[in-house]
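I need the structure of the sequence given here:
(chains A, B, C and D)
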Number of protein chains: 2
Amino acid sequence: MNGRVKLSDISKKTGLNVSTVSRALSNPERVSEETRLLVQEVAAQLGYVGNAAARNLILGKTDTIMVLIPTFPGQPISPVFTEVLRGICEEAESHGLSVMLQQNLSQAVSSDDATKFLRTGTVDGVLLLAAEKWTSHHAFRPKEHVLPVISVLNDLTSYGLVSVVAEEKQAFSEIVDHLAARGHRHFAFVSGPRETIHEQIRFQATTSHLKRLGLLADLVRLEGGPFDLQSGKRAAQAFLKLRTRPTAVICCSDSLAFGFLHEVQNAGLKVPADVAIAGYDGLDYTAFTTPALTTSSQPSSEMGCVAVRMLGDIWNKKILNPTLAALAPSLLVRQST
Amino acid sequence: MNGRVKLSDISKKTGLNVSTVSRALSNPERVSEETRLLVQEVAAQLGYVGNAAARNLILGKTDTIMVLIPTFPGQPISPVFTEVLRGICEEAESHGLSVMLQQNLSQAVSSDDATKFLRTGTVDGVLLLAAEKWTSHHAFRPKEHVLPVISVLNDLTSYGLVSVVAEEKQAFSEIVDHLAARGHRHFAFVSGPRETIHEQIRFQATTSHLKRLGLLADLVRLEGGPFDLQSGKRAAQAFLKLRTRPTAVICCSDSLAFGFLHEVQNAGLKVPADVAIAGYDGLDYTAFTTPALTTSSQPSSEMGCVAVRMLGDIWNKKILNPTLAALAPSLLVRQST
DNA sequence: CTGTTAGCGCGTTCAT
DNA sequence: ATGAACGCGCTAACAG
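Numbers count the residues shown, from 1 in each chain, chains lettered A, B, ... in the order given. This next block holds a predicted model:
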């Protein structure tokens, strides 16, 4: 390709052998002081940059990880994904790893998706963000050799994947506790998409904790839909039609909470006097609604960091089985409750 | 590496030569119907996936583009970047391209950053998001051969880079027109970071258009700071201390507008009765503030698409000079004005 | 239409 | 400490 300078170029210019030049650049200690400096100087002078493809080919690795992010048509990407991605990039960079990104259209990763990036063979590991299912492809186990795959945000250990998630159960228990301590006895839960793992875990955590407190009888479940502002608005419309309205509303996500807040305020309700609202995610804008939203903050970028570290552990054979890492959330009590 | 199945494996199993197998897989039309089917079947059966490194090495290209996104410590990534990124990924996928992501810590891309990813040599082109400067590195021009670099969001044609941007000038003129039509005569501008291209263009567009309308005399410039909610809040605090307050506030970004809105409402002002507020970006949550924010929507994902397409044009020699593509924004008039 | 040959750029054996 | 030779897996010439 083109006139890119290569090892042989700097070999000619120095009179040294190509392999010596190679050593001087990758294993400087295995070469004399003198030649090392010479090579380094000429390399810099010529603007040598190396060829990753050749290096990858002979080394059998690429030092690259693939990140799969689900996207939904017409919907912006969740800030949670963005933050996880940031954590991944930071940690990857500190380990000298590159990050490849692929956005896939459905939340469920199928074997087809798997094939798509495997066909490239350019990565040493895969990070799956918020995948609901995982159909392991035959290409992943050619001869007992598998490409490491880690699930982030969703617990897919049952599919045999190392997973790193947030302690959502704890988060929603804390929210319930907080609301109960404020004196609330009648609750509503604004649901996200029923089929998602998140919805199931969060609703389950809420009901089981309410039950523990003897308050379950009064839980109203409001259908939201997708994790977006519009869904929160719809749920609020249903809420407003209720004969007896709960005094505390727990939303499955911050976007739902914001949409909900917007709509009940439009209808003239006072928050938190008429109804208290809590969300989940810890998006930055929740601190700037009026009133500011109580929410539980996900350890988003931390999950990204941890996932990259665990990938390293898999490469180093320190992790051998589908392990689960669960990171703690932190409750942010604000004016909406 | 490992026990990955390669061309030679399927060559043995079929009795065909390696190159025939290669052809059957990459140029199916240059091989007999019979062998093609045989090869494809055996390939599928063995779970052949190919080795990108080898392919890249011989082809001299990687079909991969690098995206550089600026990040700021302790600050979430702008949704605008995320949307641009989405556009890039979608368009890239439709062209069979992969996307590598690197987040760099400063807004200004220096030669060091350039070197970092060039050292990999794994990409065929670079997309620079919101870079303020560009120090072209010698590695970019080894022998009249350069790696194509496109600037997205910022016009860096003066650095010799093909650039794709939003028509910010138009956007802010439209905002001014809208506000003037509403009867406003006293304006404030909430500034973002003074050193950024965006702040300069947007402020300049606002003042020059106000001047055109004969309204410039009354413009108050409020210092915001970083493009975030907190800065908008600070600007609002300054605004509240003004002896005579402007009736219309134009914010350099939606986050500033939201923070501003939050704070003036806290102080008891009515929006838009006491003060009208407009932002810029078109973030989804602006439709759900109370009142909903008037804003001008950036063609974010479109910019990503266009950038990828232009990269293709550069590869095909259809673009030879630093071209500028400017995409139109769309004004969203809502209740805050 | 298929087999043969050669080589992409680099790292790592072997020798020396 | 350095040089020579080999091979990573694949594709593109060139024959046949």
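
Now do the one residue in the stretch 201-337 of chain A that gets nearest to DNA strand D against chain B, distance only.
Residue nearest to DNA strand D within the stretch 201-337 of chain A (Cβ to the nearest atom of the strand): residue A:315, separated by 18.1 Å. To be clear about C-beta, it is placed using only N, CA and C from the backbone, and glycine gets the same treatment. Per Cβ to the nearest Cβ, to the nearest Å, residue A:315 is found 12 Å from chain B.

for residue A:70, same thing?
12 Å.

Could I get the pLDDT score of that residue?
Per-residue pLDDT puts residue A:70 at 89.

count of residues packed around it?
By the criterion of other Cβ atoms under 10 Å in any protein chain shown, residue A:70 has 21 neighbours.

hang on, isn't it packed against residue A:129?
Yes: in this structure, residue A:70 is within contact of residue A:129 by Cβ atoms under 8 Å, at 6.7 Å.

Next, show the common contact partners of those two.
Residues touching both residue A:70 and residue A:129 (Cβ atoms under 8 Å, 6 or more residues apart in numbering or on different chains) are residue A:81.

residues from chain A in reach of DNA strand D?
Residues of chain A lying near DNA strand D by Cβ under 7 Å from any atom of the strand: A:15-20, A:23, A:30-32, A:34-35, A:54, A:57-58, A:60.

Of those residues, which is the nearest to residue A:211?
Proximity of the residues of chain A next to DNA strand D to residue A:211 (Cβ to Cβ) peaks at residue A:60, which lies at 53.8 Å.

Neighbours of the closest one, how many?
Here the number of neighbours of residue A:60 (other Cβ under 10 Å) works out to 12.

where's it relative to residue B:54, distance?
11 Å (Cβ to Cβ, to the nearest Å).

now swap in residue A:198 and tell me
According to Cβ to Cβ, residue A:198 and residue B:54 sit 41 Å apart.

Looking at those two, which one has more neighbours?
residue A:198 (20 against 16).

Can you point out the helix or strand that includes the more buried one?
Using DSSP states H and E, residue A:198 sits within helix A:197-212.

and that helix, what other elements does it pack with?
helix A:168-181, strand A:187-190 (3 or more Cβ pairs under 8 Å, 6 or more residues apart in numbering or on different chains; DSSP states H and E).

Kindly recompute the last result at 10 Å.
For helix A:197-212, the elements it packs on are strand A:162-166, helix A:168-181, strand A:187-190, strand A:220-222, strand A:248-251, judged by 3 or more Cβ pairs under 10 Å, 6 or more residues apart in numbering or on different chains; DSSP states H and E.

What mean pLDDT does that helix get?
Summarised as a single mean, pLDDT over helix A:197-212 is 96.

Next, the angle from that helix to strand A:162-166.
Helix A:197-212 runs at 60 degrees relative to strand A:162-166, counting by axes from the mean of the first three to the mean of the last three Cα atoms, to 10 degrees.

can you pull the buried residues of helix A:197-212?
Using 16 or more other Cβ atoms under 10 Å in any protein chain shown as the test for burial, helix A:197-212 gives A:197-199, A:201-203, A:205-207, A:209-210.

Same check on stretch A:34-45?
Neighbour counts using 16+ other Cβ under 10 Å place A:35-36, A:38-39, A:42-43 of stretch A:34-45 among the buried residues.

any idea how far that stretch is from the chain center?
In terms of Cα atoms, centre = their mean, to the nearest Å, the centre of stretch A:34-45 is found 43 Å from the chain centre.

Could you do stretch A:89-98 as well?
Centroid displacement of stretch A:89-98 relative to its chain, using Cα atoms, centre = their mean, is 15 Å.

Name the helix or strand of chain A that has the lowest mean pLDDT.
Ranked by mean pLDDT, DSSP states H and E, the helix or strand of chain A with the weakest confidence is helix A:111-118, at a mean of 51.

going on from that helix, what's the next piece of helix or strand?
strand A:125-129.

circling back: just the helices and strands packed on helix A:197-212: most buried one?
For the helices and strands packed on helix A:197-212, the largest average neighbour count (mean count of other Cβ atoms under 10 Å in any protein chain shown) is found in strand A:248-251, namely a mean of 30.

what about it, near chain B?
No: figure legend: strand A:248-251 not in contact with chain B (Cβ under 10 Å from any Cβ of the partner chain); closest approach 13.2 Å.

What is that strand packed up against?
helix A:168-181, strand A:187-190, helix A:197-212, strand A:220-222, helix A:229-241, helix A:254-266, strand A:276-278.

Give the pairing partners of it; include direction for each.
Applying DSSP bridges, strand A:248-251 is found paired with strand A:187-190 (parallel), strand A:276-278 (parallel).

Show the pLDDT at the residue nearest in space to the middle of chain A.
Most central in chain A under Cα atoms, centre = their mean is residue A:84, positioned 4.0 Å from the mean C-alpha point. pLDDT, residue A:84: 97.

Look up the closest residue to it, ignoring the ones flanking it.
Spatially, and ignoring its direct neighbours in sequence, residue A:84 is nearest to residue A:304 (4.3 Å; Cβ to Cβ, 6 or more residues apart in numbering or on different chains).

Any idea how many residues pack against the one you found?
Applying other Cβ under 10 Å, we find 27 residues neighbouring residue A:304.
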